[in-house]
Every structure is written in structure tokens, then in C-alpha cells.
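In: Provide a 3D model corresponding to the input given below.
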Amino acid sequence: MRAELLPVRQTTLSSVRYAADRTDPTVHFTDDALQMIVNVPRIFLPTVLRGCVSWAKENNVTEISAVEMKIINDKRSKEKNK
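Out: Residues are numbered from 1 along each chain as shown. Sure thing, here's the model as predicted:
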């Protein structure tokens with residue numbers, strides 16, 4: 001017997017969109033925003049999406065695009081560096 005690694009499934013934009021559409025009905029994501037989180041491990045994806053939705057609700061944003069995702073990422077990196 002020999003050990004073999006299991007193939008890693010690639011996350012697609014459609015699977016991230018599926019998760020994002022079920023996170024909150026009032027906040028929508030553009031494709032370019034979702035493309036920024038395609039590489040997030042599947043287990044952390046709901047947490048990331050909930051964080052984006054909570055930021056959007058705090059700032060009265062109904063559609064998250066790449067611009068808002070950059071703002072969210074900058075805010076997160078500043079909090080992480082503290």
C-alpha cells in the first residue's frame with residue numbers, strides 16, 4: 001500500500017456566487033468582488049461572506065463590488081496588524 005494525496009477541488013465563481021446569494025437577500029455581490037474571494041478555503045467562505053455583509057450593512061451598501069472588497073480587505077489588514 002502507498003499513500004496518495006486526494007485531488008484538491010478548485011472553487012469556481014459559480015459555487016462562490018451560490019454561497020453569496022444565500023448569505024443575505026439584501027446585499028448583492030458583483031462577479032469581480034466574488035472573484036477576489038474564490039481562493040478562500042471553502043470552510044472559511046461563510047465567515048468571509050458574513051463579514052462582508054455586516055460591513056455592507058454598517059455602511060449602507062446594497063451591492064459589493066471590487067472597490068468595496070478592497071476597502072474591506074484594507075480594514076481587515078489594519079485590524080490584523082494591531
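In: going forward, measure contacts between C-alpha atoms and count neighbours the same way
Out: OK.
In: now the strands: where do they sit in the chain?
Out: For the chain, the strands defined by DSSP state E occupy 28-29, 63-64.
In: Packed most tightly, which of these would that be?
Out: Highest mean neighbour count of the strands of the chain: strand 28-29, a mean of 20 (counted as mean count of other Cα atoms under 10 Å).
In: That one pairs with which strands?
Out: Strand 28-29 pairs in its sheet with strand 63-64 (parallel), by DSSP bridges.
In: Touching the strand it pairs with from outside, list them.
Out: Contacts to strand 63-64, defined as Cα atoms under 8 Å, 6 or more residues apart in numbering, come from residues 27-30, 33, 56.
In: Same list, those, but as CSV with distance to Leu6 please.
Out: Formatted as CSV, the contacts of strand 63-64 follow (distance: Cα to Cα, whole Å):
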residue, distance to Leu6
Val27, 36
His28, 34
Phe29, 32
Thr30, 32
Ala33, 29
Ala56, 37
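In: which strands and helices sit next to the lowest-mean-pLDDT helix or strand in the chain?
Out: Every helix and strand of the chain was ranked by mean pLDDT, DSSP states H and E. The lowest is helix 66-81, at a mean of 89. Under the contact criterion of 3 or more Cα pairs under 8 Å, 6 or more residues apart in numbering; DSSP states H and E, helix 66-81 touches helix 31-35, helix 45-58.
In: still on that earlier bit, between the strands of the chain, which gets nearest to Glu79?
Out: strand 63-64 (20.5 Å; Cα to Cα).
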